[in-house]
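Visitor: kindly generate the corresponding structure for this input.
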Amino acid sequence: MLLRLDTYTLSARVVPVLVAFLSPLVLLGTSAVSGVRSGIASSVVLAVLGAVAAQIGRDRGKRLEPELWREWAGSPTLRRLRHRGADDGGGVLRLHRRIEDVLGLALPTAAEEAGDPDAADARYNEATRRLIGLTRDRARFGLLFAENVNYGMRRNLLGLRPIGIAVGVATAIVALLLLLLAPGELTARAYSYGTSIGLALLQLFFFAIVADHDWVRVPAEAYAERLMESVDLLK
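Guide: Numbers count the residues shown, from 1 in each chain. Below you'll find the model as predicted:
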């Protein structure tokens with residue numbers, strides 16, 4: 001039943017949660033719960049865990065977005081529609097015309113935007129929502145969907161960063177204690193718990209060093225580019 005989750009939910013919502021909890025899952029799989037794997041693997045349990053993971057991953061990522069937009073002076077799609085700050089004012093005007101042709105919606109002029117930037121942003125956001133609603137066909141807008149998945153996965157991984165670091169530290173400590181204190185031969189303990197220690201350290205490196213705002217911004221900008229390109233397909 002877990003496999004029935006759609007591509008976006010599985011990749012952008014479930015996978016980030018699994019990444020955050022990978023090291024303790026491996027540790028558990030090599031120790032106390034190894035005898036009950038068949039019970040844990042039931043389809044009902046997997047479906048419930050998948051649904052819960054999807055919600056956790058989404059919620060953590062969505063709560064992060066306002067902070068990203070403030071740091072980036074607006075969402076990537078919003079910045080592409082603004083007159084202010086544009087490197088190519090003529091390009092913005094041409095983009096507006098194409099969007100207006102598709103949506104039948106008048107976008108703010110440069111003067112209107114300068115007079116009331118907040119009202120202009122609200123109109124740009126409305127246009128963006130309408131474009132997103134018109135581009136949900138994954139077959140026709142495959143590149144757009146792929147960038148949306150990439151952005152969702154990275155955003156949600158960044159949202160899970162505090163949890164991922166805490167889980168990695170706790171797993172490394174527990175696995176090290178088991179390696180040093182558990183009964184049996186040292187080589188057997190190293191084989192059982194060394195992998196968990198290594199994964200925990202990799203998890204710490206990933207969440208502490210790799211998963212940052214700039215890492216999320218790359219697919220966010222790419223998604224905005226693909227969304228603007230989709231206007232021509234809609235025409």
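Visitor: quickly find the element holding the closest residue to Leu131 other than its chain neighbours.
Guide: With sequence-adjacent residues excluded and distances taken as CB to CB, 6 or more residues apart in numbering, Leu131 is closest to Leu227, at 6.0 Å. For every residue, glycine as well, the C-beta is placed using N, CA and C. Here Leu227, judged by DSSP states H and E, is contained in helix 213-234.
Visitor: quick check: which helices or strands does that helix pack against?
Guide: helix 43-71, helix 76-81, helix 89-103, helix 117-134, helix 142-159 (3 or more CB pairs under 8 Å, 6 or more residues apart in numbering; DSSP states H and E).
Visitor: ok, the residue lying closest to Lys62 once chain neighbours are set aside - how many residues close by?
Guide: Distance criterion CB to CB, 6+ apart; nearest residue to Lys62, sequence neighbours excluded, is Gly159 at 7.7 Å. Close neighbours of Gly159, defined as other CB atoms under 10 Å, add up to 25.
Visitor: dump the residue contacts of Gly159.
Guide: Pro16, Gly57, Asp59, Arg60, Gly61, Lys62, Arg63, Leu64 (CB atoms under 8 Å, 6 or more residues apart in numbering).
Visitor: on that earlier part again, how about the helices and strands packed on helix 213-234 in a markdown table, adding distance to Leu234 and mean pLDDT?
Guide: Output for those, formatted as a markdown table (distance: least, CB to CB, whole Å; pLDDT from 0 to 100):
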| stretch | distance to Leu234 | mean pLDDT |
| --- | --- | --- |
| helix 43-71 | 25 | 74 |
| helix 76-81 | 15 | 96 |
| helix 89-103 | 5 | 94 |
| helix 117-134 | 6 | 97 |
| helix 142-159 | 11 | 94 |
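Visitor: can you list these in TSV and add distance to Phe206?
Guide: As requested, the helices and strands packed on helix 213-234 are exported to TSV (distance: least, CB to CB, whole Å):
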stretch	distance to Phe206
helix 43-71	15
helix 76-81	24
helix 89-103	37
helix 117-134	30
helix 142-159	8
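Visitor: quick one, which of those is nearest to Val174?
Guide: Taking CB to CB, helix 43-71 is the member of those nearest to Val174, at 21.3 Å.
Visitor: picking up where we left off before, of the contacts of Gly159, which pair is most distant in space?
Guide: It's Pro16 and Arg63 that sit farthest apart of the contacts of Gly159, by CB to CB, at 13.6 Å.
Visitor: okay, the two: which has more neighbours?
Guide: Pro16 (29 against 10).
Visitor: work out for me the element that one sits within.
Guide: Here Pro16 is assigned to helix 15-20, by DSSP H and E.
Visitor: next, the buried residues of that helix.
Guide: Buried residues in helix 15-20, counted by 16 or more other CB atoms under 10 Å: Val15, Pro16, Val17, Val19, Ala20.
Visitor: gap between that helix and the chain center?
Guide: 11 Å (CA atoms, centre = their mean, to the nearest Å).
Visitor: give the other helices and strands that it contacts.
Guide: helix 43-71, helix 142-159, helix 161-181.
Visitor: quick check: angle from the helix or strand following that helix to helix 161-181?
Guide: Sequence order places helix 22-29 as the next helix or strand after helix 15-20, per DSSP H and E. Angle, helix 22-29 to helix 161-181, by axes from the mean of the first three to the mean of the last three CA atoms, to 10 degrees: 40 degrees.
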